[in-house]
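Peer 1: Let's see this in three dimensions:
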Amino acid sequence: MRVISGQFGGRTLKSPPDDRTRPTSDRLRETLFNILMPHIGETTRFLDLCAGTGAIGIEALSRGAVSVTFVDRSRRACALIEENLDRLGVDESLDDVQCISAETFTGRNHSAAWDIIFYDPPYDSDYSYVIHDVAFKDDLLSTDGVFVVEHHSKLDLPDAIGRIRRWRLLKQGESSLSFYEHA
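Peer 2: Prediction:
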């Protein structure tokens, strides 16, 4: 697994030692960031929920995001994220690794919303709690923000919920990306 582009482009990331973590493929990650690039700038705050290896959030940092919050409930995954950040020499002021579930994290109150939220839980998860929080809470997704959900292509997510609506659905093999924004 490697960083696709930007400051850390071409650098390799350590992969998980087992198959409990399903990293987003390089091809899908490249497609994702081709779509997201107009939304990433020097003030972009990025939230990587169910971060696994940290590859998505690290790609965001590499491409210019000002900060990334990594959230994963697995202590092993959090340690792997920290290791990958250290290997790249990422300034610790640019990242925050939270070892808690996505549901717990989104259920909390936050001082500032994120510009991009990427949510990639295990495909057999109940997506509804996190999607509901992002759709209805003011402190998660910024007004002009983008919420992206990676899910199995057979899972049919809603086109709209609360204040968010899906503006793009991208399918690549068994994986799909649903892109949401404020309606």
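Peer 1: What residues of the lowest-mean-pLDDT helix or strand in the chain count as buried?
Peer 2: Lowest by mean pLDDT, DSSP states H and E among the helices and strands of the chain is helix 26-36, with a mean of 92. Of all the residues in helix 26-36, those buried under the rule 16 or more other Cβ atoms under 10 Å are L28, R29, T31, L32, F33, L36. Every residue, glycine included, has its C-beta placed from N, CA and C.
Peer 1: export the helix or strand following it as PDB, just CAs?
Peer 2: Using DSSP states H and E, the next helix or strand after helix 26-36 towards the C-terminus is strand 45-49. The C-alpha coordinates for strand 45-49 follow below in PDB (Å, rounded to 0.1, in the frame of the first residue of the first chain):
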ATOM      1  CA  ARG A  45     -10.100  19.700   8.300                       C
ATOM      2  CA  PHE A  46     -10.500  15.900   7.400                       C
ATOM      3  CA  LEU A  47     -12.200  13.300   9.600                       C
ATOM      4  CA  ASP A  48     -11.300   9.600   8.800                       C
ATOM      5  CA  LEU A  49     -13.800   7.400  10.600                       C
END
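Peer 1: Report the beta-bridge partners for W114.
Peer 2: L141 (DSSP bridges).
Peer 1: Name the spans of the protein whose pLDDT lies under the cut-off.
Peer 2: Applying pLDDT under 70 to the chain flags residues 17-23.
Peer 1: about what we covered before: and for the least confident helix or strand of the chain, what's in contact with it?
Peer 2: With contacts defined as Cβ atoms under 8 Å, 6 or more residues apart in numbering, helix 26-36 is touched by 1-2, 4-5, 24, 40, 55-56, 59-60, 63, 116, 118, 146, 148, 150, 168, 170, 172, 175, 177, 179.
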